[in-house]
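Colleague: Please work out how this folds:
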Amino acid sequence: MSTILTILNVAIMLVIIGGLYALQKKHVSFSKRVFVGLGIGIVFGLILQFVYGVKSDVLKDTIEWYNIVGKGYVKLLQMIVMPLVLISIVAAFTKMKLANNIGKISSLIIGLLVGTTAIAAAIGIASTFAFHLDGSQFQQGEAEAARIEQVEARLGDIQNMTLPAKILELLPANPFLDLTGERATSTIAVVIFSALIGIAYLGVKKNSPEQAEWFAKIVDALHAVIMRVVTLILRLTPYGVLAIMTRVAATSDYHAIWQLGKFVIASYVALLLMFVVHLLMLAFAGLNPLVYVKKAFPVLAFAFTSRTSAGTLPLNVKTQTQELGVPEGIANFAGSFGLSIGQNGCAGTYPAMLAVMVAPIAGVDPLTPSFILTLIVVVALSSFGVAGVGGGATFAALLVLSTMNLPVAIVGLLISVEPLIDMGRTALNVSGSMTAGILTSRATKDLDTTVFNGTQPQSVTG
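Modeller: Numbering: from 1, shown residues only. The predicted structure follows:
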């Protein structure tokens, strides 16, 4: 019987996918199709959980089949990340888009990423105070206890890594290893390696123009092919979002979410306020924030559902270049650096909130100005160094809490709501990297405002 029900559920999903494909054939816009996939996924997932129950074998088997579409799509995106970073940055040099101001561009992007993370920390602190969150009220079950053991086991490695060691982790000792994404800092290492190739190309161009010309043609050809692969994969976005959101809605523990609802609400208030800060920064730069919201929606929707900044990179870069008028070189730098440096949600808001919540347990008054200022500085600096220890909200929180001499067990107590909050954090991380790319382009006068303000944007999947 369970097999028949699983087949029925798979058949329903295939019908929904067919409906999304019909919308594509009718030339319904990419953004609308993503939104439809997101909405149907939520409703369908809730229905599946209501009918079968979160622990049923039917639901488990059904989700396994759905993962072929959802997780399969994420895997395809992750597959193209490293080739995209490598060839796009080298192509930016061969097309003379980064030749003269690479230092300025890098500094602006990193400064914006780290600076906005400091602001995100301040907002997280304010939200924690506003909702009167207290870390001592969280309960510990078997799952939480197991998670705490894992957290404490990793803490030793983090504490033993010095700042110079973290900086060394950014450098590419073996570029072929980093192209596999094996290390936590592989993306930044590939960026550095690509930039070195680009700089070397500029030197060859002065001394051996003919060889440089051949190299540029090869790079341009590879770039065209890679971007075509990206386009083919991105066409699957509505289907991937549908399957991923169905899985999330069908398997979430809503009882645990209800129990920790106050923390979830406070987290999303902080995340939304930080997103408003992104919009205000764009407005101060003379850009229409509503245009940004409309064009960035498919990117943020996918980041929200997939919970992967790396998997979102191809869509991030292509939207910046084709929809928002950001030069390709800057878009790649902003997107790539944003994977590991200055993540507004994971490395900014989240660890700051946890630190304030557990400070009273350690006998520290979180209301003192010295504590607040120290916490903001530690969060901002850790958002850069966290790349050396694997990145992510858990590592960022561990690094901040251990630096502030605060209990780290609270990281494990939030395991039941971690996926739900991580969705919003990931979307904010991606928005931060896109905002950094746009503002950097604006500062260097490279932003194509006609593309940014265009009422008929190009399709990111065209």
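Colleague: Please count neighbours and contacts with C-alpha atoms only from this point.
Modeller: Fine.
Colleague: does V54 sit in a helix, a strand or a coil?
Modeller: Assigned with DSSP: H, G, I helix; E, B strand; the rest coil, V54 falls in the coil class.
Colleague: Mind pulling up the pLDDT for the residue lying closest to it once chain neighbours are set aside?
Modeller: Among residues not flanking V54 along the chain, T251 sits closest, at 5.6 Å (CA to CA, 6 or more residues apart in numbering). Per-residue confidence (pLDDT) for T251: 86.
Colleague: Now do the phi/psi pair for T251.
Modeller: Main-chain torsions, T251, degrees, to the nearest 10: phi -110, psi 0.
Colleague: again with D448
Modeller: Torsion angles at D448 (phi, psi; degrees, to the nearest 10) stand at phi -90, psi 100.
Colleague: Just give me the neighbour total for it.
Modeller: 18 (other CA atoms under 10 Å).
Colleague: ok, it touching Q322?
Modeller: No - counting by CA atoms under 8 Å, D448 sits too far from Q322 to count as a contact (10.0 Å).
Colleague: Any idea how many residues pack against M82?
Modeller: Neighbours of M82 (other CA under 10 Å): 23.
Colleague: Please report how far the closest residue to it other than its chain neighbours lies from V229.
Modeller: Of all residues not flanking M82 in the chain, L179 sits nearest, at 5.6 Å (CA to CA, 6+ apart). To V229, L179 is 17 Å away according to CA to CA, to the nearest Å.
Colleague: can you check Y268 too?
Modeller: According to CA to CA, Y268 and V229 sit 35 Å apart.
Colleague: And for T349?
Modeller: With distances taken as CA to CA, T349 is found 35 Å from V229.
Colleague: These two: which has the busier surroundings?
Modeller: A direct count of neighbours by other CA under 10 Å for T349 and V229 places T349 higher, at 33 against 15.
Colleague: Tell me who's in contact with the more buried one.
Modeller: Contact partners of T349, counting by CA atoms under 8 Å, 6 or more residues apart in numbering, are 117, 120-125, 267, 270-271.
Colleague: cool, N332 as well?
Modeller: N332 neighbours (CA under 8 Å, 6+ apart): 85, 88-89, 317.
Colleague: Where in the protein is the helix or strand with the lowest mean pLDDT?
Modeller: Sorting the helices and strands of the chain by mean pLDDT, DSSP states H and E puts helix 142-159 at the bottom, at a mean of 55.
Colleague: who are the neighbours of the longest helix belonging to the chain, in terms of helices and strands?
Modeller: Ordering each helix of the chain by length in residues (DSSP state H) puts helix 57-94 first. When contacts are defined as 3 or more CA pairs under 8 Å, 6 or more residues apart in numbering; DSSP states H and E, helix 57-94 packs onto helix 2-25, helix 30-52, helix 186-207, helix 209-234, helix 237-251, helix 309-322, helix 328-337.
Colleague: relative orientation of it and helix 328-337 in degrees?
Modeller: 140 degrees (axes from the mean of the first three to the mean of the last three CA atoms, to 10 degrees).
Colleague: How far off centre is helix 57-94?
Modeller: Distance, stretch centre to chain centre, for helix 57-94: 13 Å (CA atoms, centre = their mean, to the nearest Å).
Colleague: Show the contacting residues for the residue nearest the centre of the chain.
Modeller: Centroid-nearest residue in the chain: S309, 2.6 Å away (criterion: CA atoms, centre = their mean). Counting by CA under 8 Å, 6+ apart, S309 touches 303, 339, 426-427, 429-430.
Colleague: Narrow those residues to those that are buried.
Modeller: 303, 339, 426-427, 429-430 (16 or more other CA atoms under 10 Å).
Colleague: could you list every residue that touches the residue nearest to M82?
Modeller: 82-83, 186-187, 190.
Colleague: hmm, try it at 7 Å
Modeller: L179 is in contact with 82, 186, 190, counting by CA atoms under 7 Å, 6 or more residues apart in numbering.
Colleague: Just the closest of the residues you listed to M434, please.
Modeller: When the contacts of L179 are compared for distance to M434 (CA to CA), M82 comes out closest, at 18.3 Å.
Colleague: Can you list the low-confidence ranges for the stretch 351-462 of the chain?
Modeller: 384-392, 412, 416, 455-462 (pLDDT under 70).
Colleague: same deal with the chain?
Modeller: Looking at the chain by pLDDT under 70, you get 96-100, 136-163, 166-167, 184, 256, 259, 384-392, 412, 416, 455-462.
Colleague: from the contacts of N332, which two are the most distant?
Modeller: Between any two of the contacts of N332 (CA to CA), the greatest distance is 11.5 Å, for I89 and V317.
Colleague: Which elements pack onto the strand or helix carrying R425?
Modeller: In this structure, R425 sits in helix 418-443 according to DSSP states H and E. Under the contact criterion of 3 or more CA pairs under 7 Å, 6 or more residues apart in numbering; DSSP states H and E, helix 418-443 touches helix 102-130, helix 261-284, helix 289-306, helix 309-322, helix 328-337.
Colleague: Can you name the element that comes right after the helix or strand L398 falls within?
Modeller: L398 is located in helix 392-403, with elements delineated by DSSP H and E. On the C-terminal side of helix 392-403, the closest following helix or strand by DSSP H and E is helix 410-413.
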